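**Q** Predicted coordinates and the sequence they were generated for:
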Amino acid sequence: MPLSFAPSGTATIPLHILAEDQLEAWLDTQPDATRNALTSQGFTGALGQTISLAGPDGAPALAVAGYGTVATRQRGRFHLAAAAPKLPEGNYHLVSDLDADALSAEALGWLFASYRFDRYRKQSPLLARLVAPQGIDAPRIEAQANGEALTRDLINTPANDMGPPDLEQAARDLAAQHGADITVITGDDLLTQNFPLIHTVGRAADRAPRLIDMRWGDAGPKLTLVGKGVCFDTGGLNLKPGASMALMKKDMGGAAAVLGLAHMIMATGATVQLRVLIPAVENAVAGNAFRPGDILTSRKGLTVEINNTDAEGRLVLADALAHADEDNPDQIISMATLTGAARVAVGPDLAPYFSDNPAFVTALETAAARVQDPVWRMPFHTPYEAMIEPGIADLDNAPKGGFAGCITAALFLRRFVTESAYAHFDIYGWQPTDAPARPKGGTGQATRALLAALPALLKS
């Protein structure tokens, strides 16, 4: 079901948002019964405290949610999303002095809290529904929530139901929803149309590799999103150990993220010529799998020595990025669950990104802070270029030594974009533990920041 606000005009229950330093003044304005009820239950306004009070008929009459202190709020985000599951069934409206940005973030978090992945098991719905607060752009927030839900659904779906054909179908469904055009190059046609790396990585799987190409919009700057669509990664002949393979259904998280972002862009009617490119493959083991030591020629003509078949994501992205660059868009953005090094560097909550454009960086980081979608800049450190040059070929897909893994991967990708502005996001795409508005499972990263920054980014 789409994530949406409760209809306006319905009977609602007031939900008062009270920081610790606001509580006493608010209690002074309330009837004795309210003051006594909150005092007797030990309500202090601490972050996460939630109490509902019944009226004479026994139905909920009002609720209060603690908003803590500035210091405690800085330790997380989407604080009302933690309160929502504790409230009894009903439609709620917020009573607070939060500014528009904070209200928008909390309202979005509430919608996120209503997300359920119920394809394989029935899940209890969130009973407390929120009426969109005054002063926020409710349709835009709903578009973001449903773009995120799409990303989560795609990542959470296991590879037996989310292979390259299924990812293609998800893209076709999205294109149909928004009136976008879509073409797909599949199997051996990848060779005849010069996408050799995509074909090579995916050829050992039963489900054929493909390149998904979706276009929408005929006015405005040209933006191309490229998402890594490795629907399952065994590591190939450099086989992953079982523990490392367990989460590889999420290795198409970059594709899931760009499809979620594409939904946000199209649903909000942005003035942009949008293109989405997804190389969709499985990195499988079979007699025709590519091997360590192979040297492959890319679409761009650069040769790549394969020193590890488990570094396949950068290979499929290379052909897609070269194809994107041929169209000379105003901005190319790639998103991929590319390296474990990025996760080790910044953890699962931050989205590491690479950009050489100061205006892009400023616009993105300003927007990320405003919409509570954290990012962290990593360097395109040019002196490390030598680490990706093996001598026997133009490029090495897996430099030895273990140093700067996410940087060398980003530098590898940058070699395939020579005519267009380029930024790369090396995301994790997974929430390892439950958090407010972010249940354990697939998650989008940096997509809302990019949406918010889009007008400035395309001017940079």
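**A** Ah, there it is.
**Q** For the residue nearest to residue 41 when sequence neighbours are not counted, give me its contacts.
**A** Once flanking residues are discounted, residue 41 sits nearest to residue 51: 5.7 Å by Cβ to Cβ, 6 or more residues apart in numbering. Where you see a C-beta, it was placed from the backbone N, CA and C, and this is true even at glycine. Residues near residue 51 by Cβ atoms under 8 Å, 6 or more residues apart in numbering: 37-38, 41, 43, 63-64.
**Q** What is the most widely separated pair among those residues?
**A** Using Cβ to Cβ, the pair of those lying farthest apart is 41 and 63, separated by 12.3 Å.
**Q** Would you list the buried entries among the contacts of residue 51?
**A** Using 16 or more other Cβ atoms under 10 Å as the burial test, those include 37-38, 43, 63-64 as buried.
**Q** what pLDDT does the closest residue to residue 136 other than its chain neighbours get?
**A** Using Cβ to Cβ, 6+ apart and skipping residues adjacent in sequence, the residue nearest residue 136 is residue 104, 4.7 Å away. Predicted confidence (pLDDT) at residue 104: the value is 96.
**Q** Name the residues of the helix or strand that contains residue 104 that are buried.
**A** Residue 104 is part of helix 100-113, with elements assigned from DSSP states H and E. Neighbour counts over helix 100-113 (16+ other Cβ under 10 Å) mark 102-113 as buried.
**Q** Just the residues contacting that helix, thanks.
**A** 3-5, 17, 77-82, 84-85, 94, 96, 98, 126, 130, 132-133, 135-138, 141-142, 144-145, 148, 370-372, 436-438, 448.
**Q** Tell me the buried residues within these.
**A** Neighbour counting by 16+ other Cβ under 10 Å classes 3-5, 17, 77-82, 84, 94, 96, 98, 126, 130, 132-133, 136, 138, 141-142, 144-145, 148, 370-372, 436-438, 448 among those as buried.
**Q** just checking, which of the residues you listed belong to strands?
**A** Counting by DSSP state E, these place 17, 94, 130 in strands.
**Q** one step back: sitting in helices, which of the contacts of helix 100-113 do you find?
**A** Using DSSP state H to define helices, the subset of these located there is 79-82, 138, 141-142, 144-145, 148, 370-371, 448.
**Q** Next, count neighbours for residue 124.
**A** Using other Cβ atoms under 10 Å, residue 124 has 8 neighbouring residues.
**Q** can you check the one 10 residues further on too?
**A** As a burial measure, residue 134 scores 11 neighbours (other Cβ under 10 Å).
**Q** got it, and residue 321?
**A** Counted with other Cβ under 10 Å, residues neighbouring residue 321 total 29.
**Q** and if you look at the one 3 residues further on?
**A** The local packing count at residue 324 equals 27, with neighbours defined by other Cβ under 10 Å.
**Q** In a helix, it, correct?
**A** Yes. Assigned with DSSP: H, G, I helix; E, B strand; the rest coil, residue 324 falls within a helix.
**Q** who's in contact with the closest residue to it other than its chain neighbours?
**A** Once flanking residues are discounted, residue 324 sits nearest to residue 224: 4.5 Å by Cβ to Cβ, 6+ apart. Residue 224 makes contacts with 274-277, 324, 327, 329, 331-333, 420, as judged by Cβ under 8 Å, 6+ apart.
**Q** Among the contacts of residue 51, name the ones in strands.
**A** Mapping the contacts of residue 51 onto strands (DSSP E) picks out 63-64.
**Q** Could you dump the contacts of residue 51 into JSON lines and include pLDDT and distance to residue 382?
**A** Formatted as JSON lines, those follow (pLDDT from 0 to 100; distance: Cβ to Cβ, whole Å):
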{"residue": "37", "pLDDT": "93", "distance to residue 382": "64"}
{"residue": "38", "pLDDT": "94", "distance to residue 382": "60"}
{"residue": "41", "pLDDT": "93", "distance to residue 382": "60"}
{"residue": "43", "pLDDT": "95", "distance to residue 382": "56"}
{"residue": "63", "pLDDT": "97", "distance to residue 382": "55"}
{"residue": "64", "pLDDT": "97", "distance to residue 382": "55"}
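**Q** Including distance to residue 265, could the contacts of residue 51 go into TSV?
**A** Shown next, in TSV, are the contacts of residue 51 (distance: Cβ to Cβ, whole Å):
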residue	distance to residue 265
37	47
38	44
41	45
43	42
63	35
64	38
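**Q** Out of the contacts of residue 51, flag the one nearest to residue 253.
**A** For the contacts of residue 51, the nearest to residue 253 is residue 63 (36.1 Å; Cβ to Cβ).
**Q** Show me what residue 278 is bridged to.
**A** Residue 278 has these beta-bridge partners by DSSP bridges: residue 212.
**Q** Read off the pLDDT value for it.
**A** The predicted local confidence for residue 278 is 99.
**Q** quick one, what contacts residue 91?
**A** So residue 91 contacts 6-7, 10-13, 129-131 (Cβ under 8 Å, 6+ apart).
**Q** what separates residue 408 from residue 311, distance-wise?
**A** To residue 311, residue 408 is 10 Å away according to Cβ to Cβ, to the nearest Å.
**Q** Kindly state the pLDDT recorded for the spatially closest residue to residue 206 that is not a sequence neighbour?
**A** Ranked by Cβ to Cβ, 6+ apart and with sequence neighbours excluded, the top spatial neighbour of residue 206 is residue 284, at 7.6 Å. Residue 284 carries a pLDDT score of 98 in this model.
**Q** so residue 284 makes contact with residue 209?
**A** No. The pair residue 284 / residue 209 is not scored as a contact, 10.2 Å apart, by Cβ atoms under 8 Å.
**Q** doesn't residue 454 make contact with residue 265?
**A** Yes. Counting by Cβ under 8 Å, residue 265 touches residue 454, with 7.2 Å between them.
**Q** shared neighbours, those two?
**A** 223, 272.
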